[in-house]
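Student: Sequence plus the predicted model coming up.
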Amino acid sequence: MLHRRLPFIFLFLLLFLEKSLSIQNETELPIIPKPKSQTIGNNTFVINKCTLKKIVNSNPNIKNDINDLLQFYSEKMFYKPIVCNEENSMKNFQNEIRYLIINVNPNQSILLPDDFNQTDEQYNLSIVAENLIIIEAISYAGFVRGIESLAQLINPNTDDNKTYYIDNCPLYVYDYPSYKVRGLMIDL
């Protein structure tokens, strides 16, 4: 009699264990691929497309490329049609992010953990206060990875058609590739 119930008991335990493990993983950021290191908070910050100011500190040779990519990602991140008029630009929201600071400089030492592999694609993404997002990288490739991660964190506000939000703030993300050379797949 017990041997007939054993598979059902095993299945129940397996489902219970899977559910408890998925609850523990809900605190991870929704970034793909998963960053090497992340620290998250429990606040939500608001982003108003009309008041977000972008500050780019980089090598003059790549500054135009960075601004072009920022324009491309702005259209992807803030896809709702919003007219930035005086009314939308004057609104102040609680916990509103006001600045996106980009530092891309190969000669600059950035705030990265000591165990970072020195690769072109490493980046540091920080949302440290109500009004500040910082992306730091030593190359354009690292900036691209950082802005891709930021784009995955921004969510549209369903209550207000003019704003977006980021959960789990303040947050710090450090990431770099596991290998110096990315894999290549040839599909014939």
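Tutor: Good, I have the coordinates.
Student: Downstream of the helix or strand of the chain with the lowest mean pLDDT, the next helix or strand is which one?
Tutor: Lowest mean confidence among the helices and strands of the chain (mean pLDDT, DSSP states H and E): helix 2-24, at a mean of 57. Using DSSP states H and E, the helix or strand that follows helix 2-24 towards the C-terminus is strand 37-39.
Student: I'd like to know how far Tyr164 sits from Pro33.
Tutor: Plainly put, Tyr164 is 23 Å away from Pro33 if you go by CB to CB, to the nearest Å. For every residue, glycine as well, the C-beta is placed using N, CA and C.
Student: Between those two, which is the more surrounded one?
Tutor: For Tyr164 and Pro33, the more surrounded residue by other CB atoms under 10 Å is Tyr164, and the numbers stand at 22 against 11.
Student: For the helix or strand hosting Asn67, list the C-alpha coordinates in CSV.
Tutor: Element membership of Asn67, judged by DSSP H and E, is helix 60-77. Taking Å, rounded to 0.1, in the frame of the first residue of the first chain, the C-alpha atoms of helix 60-77 are listed here in CSV:
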residue,chain,number,x,y,z
PRO,A,60,36.0,62.3,-27.6
ASN,A,61,36.5,59.6,-30.3
ILE,A,62,33.5,57.5,-29.1
LYS,A,63,31.3,60.2,-27.5
ASN,A,64,29.1,60.4,-30.7
ASP,A,65,28.8,56.6,-30.8
ILE,A,66,27.7,56.7,-27.1
ASN,A,67,25.1,59.4,-27.8
ASP,A,68,23.8,57.5,-30.8
LEU,A,69,23.4,54.3,-28.8
LEU,A,70,21.7,56.3,-26.0
GLN,A,71,19.2,57.7,-28.5
PHE,A,72,18.5,54.1,-29.8
TYR,A,73,18.0,52.7,-26.3
SER,A,74,15.9,55.7,-25.2
GLU,A,75,13.4,54.8,-27.9
LYS,A,76,13.4,51.1,-26.8
MET,A,77,13.3,51.8,-23.0
